[in-house]
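[1] model the following, please.
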Amino acid sequence: LDFTTPVTEYIWGTPIERGIAVQNTGESDILLCFKLEIYDDANGTIPAFITATPSLRSGLWTTHIVTETLDDGTTINSVYYYYNSVLASGTTNVLLLFDNYVVTAEDDVANDYAERTVYSRVTVQYTNATEESLNGATADCWQDCPEDWRSRLNLE
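    Numbers count the residues shown, from 1 in each chain. This next block holds a predicted model:
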């Protein structure tokens with residue numbers, strides 16, 4: 001998911017008041033995780049040392065860092081946020097992932113991007129809420145999910 005409305009004249013470290021909510025209207029309970037990234041549209045890459053941190057409700061999420069190698073060979077740390085419960089099927093409830101986020105960068109990177117445009121991207125992933133589905137999921141976030149998160153779910 002890409003935010004389509006640009007943030008103009010951004011001051012590093014200032015909260016950006018926009019967020020994302022999801023709803024499970026399917027027939028199966030699901031497990032959910034997401035990551036929020038900043039990327040450079042001109043180069044199609046994720047700039048090193050620029051991070052986006054969403055505001056999360058305490059206790060609802062487990063944070064996990066996974067080192068990933070991009071197609072261009074760059075190594076980055078992706079931060080995944082795992083929902084600490086099963087999202088029930090057919091629910092009319094909406095789960096707020098976050099309602100704002102902050103973008104920060106090291107000084108030299110912040111200076112380099114002072115007059116350039118970057119974009120935020122949220123990747124939401126889900127799988128059926130069963131041990132079998134979790135074990136068979138192929139996305140990196142499920143392959144590398146934190147054991148303490150997994151053990152508290154009590155999946156069958």
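[2] rest of the way, CA atoms for contacts and neighbours
    Noted.
[3] distance of V66 relative to P6?
    Between V66 and P6 the distance is 28 Å, computed by Cα to Cα, to the nearest Å.
[4] out of these two, which sits in the more crowded spot?
    Shown here are V66 and P6; by other Cα atoms under 10 Å, V66 has more neighbours (15 against 11).
[5] wait, isn't the more buried one in contact with Y80?
    Yes: counting by Cα atoms under 8 Å, Y80 is a contact partner of V66 at 7.5 Å.
[6] overlap in contacts, the two.
    Here V66 and Y80 have C141 as joint contacts, going by Cα atoms under 8 Å, 6 or more residues apart in numbering.
[7] all helices of the chain, in order?
    For the chain, the helices defined by DSSP state H occupy 107-112, 131-136, 140-143, 147-152.
[8] for the first one, buried residues please.
    Of the residues in helix 107-112, those buried under the neighbour-count criterion (16 or more other Cα atoms under 10 Å) are A110.
[9] give the other helices and strands that it contacts.
    Applying 3 or more Cα pairs under 8 Å, 6 or more residues apart in numbering; DSSP states H and E, one finds that helix 107-112 contacts no other helix or strand.
[10] one more: the third one?
    Judged by 3+ Cα pairs under 8 Å, 6+ apart, the packing partners of helix 140-143 are helix 131-136.
[11] in the chain, where is pLDDT below threshold?
    Filtered on pLDDT under 70, the chain yields no residues whatsoever.
[12] which residue is nearest the middle of it?
    For the chain, K35 is the residue whose C-alpha lies nearest the centre (Cα atoms, centre = their mean; 1.3 Å).
[13] what does stretch 145-156 rub up against?
    T62, H64, Y82, N84, S85, V86, A129, T130, E131.
[14] the same query, at a cut-off of 6 Å, please.
    T130, E131 (Cα atoms under 6 Å, 6 or more residues apart in numbering).
[15] can you give me the end-to-end span of it?
    Stretch 145-156 has its terminal residues 17 Å apart, counting by Cα to Cα.
[16] now the strands for this structure?
    Secondary structure of the chain (DSSP state E): strands located at 20-22, 30-39, 50-54, 61-69, 75-83, 95-98, 101-105, 119-128.
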